[in-house]
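S.K.: Okay, predicted coordinates and the sequence, questions at the end:
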Amino acid sequence: NAGVTQTPKFRVLKTGQSMTLLCAQDMNHEYMYWYRQDPGMGLRLIHYSVGEGTTAKGEVPDGYNVSRLKKQNFLLGLESAAPSQTSVYFCASTDNRDTEAFFGQGTRLTVV
Amino acid sequence: KNQVEQSPQSLIILEGKNCTLQCNYTVSPFSNLRWYKQDTGRGPVSLTIMTFSENTKSNGRYTATLDADTKQSSLHITASQLSDSASYICVVRPSGAGSYQLTFGKGTKLSVIP
């Protein structure tokens, strides 16, 4: 049972480049989330999805887009990367809002 | 603004000793309070989830307590092990129909030394 898998684990981008982070879960969870974690700050919600085909903005959505075409996958896109988007990105999934969230291993992104 | 404050920021203890981590929150009303363990370079892993009506919950050597009146929670680690070295994060989920956003504390970094 793989749980939540994020791809890639590390990436270096130049300012202005685009990329997509992939999150895949095999637990049949309805809810999926993308967070970013920066030094000295708690995790902050970027976007989330409450089911296949749905997405919604979180606390810090600017500069990111997401898609949930399949229930098991949640994609996070950066259209034009900026140095301020240098961070560690975590995907998480839950079967409802009140159960434990399962997190992926993280993607460390550096924008130069 | 909903906030979760954790103390201390960091803590060093000897292997085998006990320790207690603190969490104060302003999120109100809230649905549940969670404690997560995050090893360096890994994603957070759930330790406990408590609803507002629960006072204590244990998971092995980890015991979380909750005082909803004072808006305080603590995580007690008994007989610490080297593998307990990690960041411990307090998380609160507000109640309400649209409350999907968890409020995360900044974490307490625990180092257990031999």
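M.R.: Right, received. Where do you want to start? Numbering: from 1, shown residues only, chains lettered A, B, ... in the order given.

S.K.: List the buried residues for stretch B:45-57?
M.R.: Within stretch B:45-57, the residues scored as buried using 16 or more other CB atoms under 10 Å in any protein chain shown are B:46-50, B:57. No exception for glycine: its C-beta is placed from N, CA and C like everyone else's.

S.K.: What about chain A: which of these touch it?
M.R.: Applying CB under 8 Å from any CB of the partner chain to the buried residues of stretch B:45-57, one finds that B:46, B:49 fall near chain A.

S.K.: Quick check: which element contains the closest residue to A:Gln25 other than its chain neighbours?
M.R.: Distances taken as CB to CB, 6 or more residues apart in numbering or on different chains place A:Ser93 nearest to A:Gln25, at 4.3 Å, with adjacent residues excluded. Element membership of A:Ser93 [criterion: DSSP states H and E] is strand A:87-94.

S.K.: low pLDDT regions in chain A?
M.R.: A:1 (pLDDT under 70).

S.K.: which residues does the most centrally placed residue in chain A contact?
M.R.: Of all residues in chain A, the one closest to the mean position by CA atoms, centre = their mean is A:Trp34, 3.0 Å from it. Going by CB atoms under 8 Å, 6 or more residues apart in numbering or on different chains, A:Trp34 touches A:21, A:23, A:45-48, A:58, A:64, A:66, A:74, A:76, A:89-91.

S.K.: 7 Å - rerun?
M.R.: With contact taken as CB atoms under 7 Å, 6 or more residues apart in numbering or on different chains, A:Trp34 is in contact with A:46-47, A:66, A:74, A:76, A:89, A:91.

S.K.: Would you map the strands across the chain?
M.R.: I went with chain A, as the question did not name one. In chain A, the strands defined using DSSP state E lie at A:4-7, A:10-13, A:19-25, A:31-37, A:44-49, A:56-57, A:64-67, A:73-78, A:87-94, A:102-103, A:107-111.

S.K.: wait, chain B
M.R.: Listed in chain order, the strands of chain B (DSSP E) span B:4-7, B:10-14, B:19-25, B:30-38, B:45-51, B:56-59, B:62-67, B:72-77, B:86-94, B:103-104, B:108-113.

S.K.: Next, the buried residues of the third one.
M.R.: The neighbour-count criterion (16+ other CB under 10 Å) identifies B:19, B:21, B:23-25 as the buried residues of strand B:19-25.

S.K.: CSV for those, including pLDDT and distance to A:Ala101?
M.R.: Formatted as CSV, the buried residues of strand B:19-25 follow (pLDDT from 0 to 100; distance: CB to CB, whole Å):
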residue, pLDDT, distance to A:Ala101
B:Cys19, 98, 25
B:Leu21, 98, 20
B:Cys23, 98, 17
B:Asn24, 97, 22
B:Tyr25, 95, 18
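
S.K.: What residues does chain B have near chain A?
M.R.: Chain B has residues B:4, B:31-32, B:42-44, B:46, B:49, B:93, B:100-101, B:104-106 near chain A, with proximity defined as CB under 7 Å from any CB of the partner chain.

S.K.: Take the residues you listed and, keeping just the buried ones, write it as a ChimeraX select command.
M.R.: In ChimeraX, this line selects whichever of the residues of chain B next to chain A come out buried by 16+ other CB under 10 Å:
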select /B:4,31,32,43,44,46,49,93,100,101,104,105,106
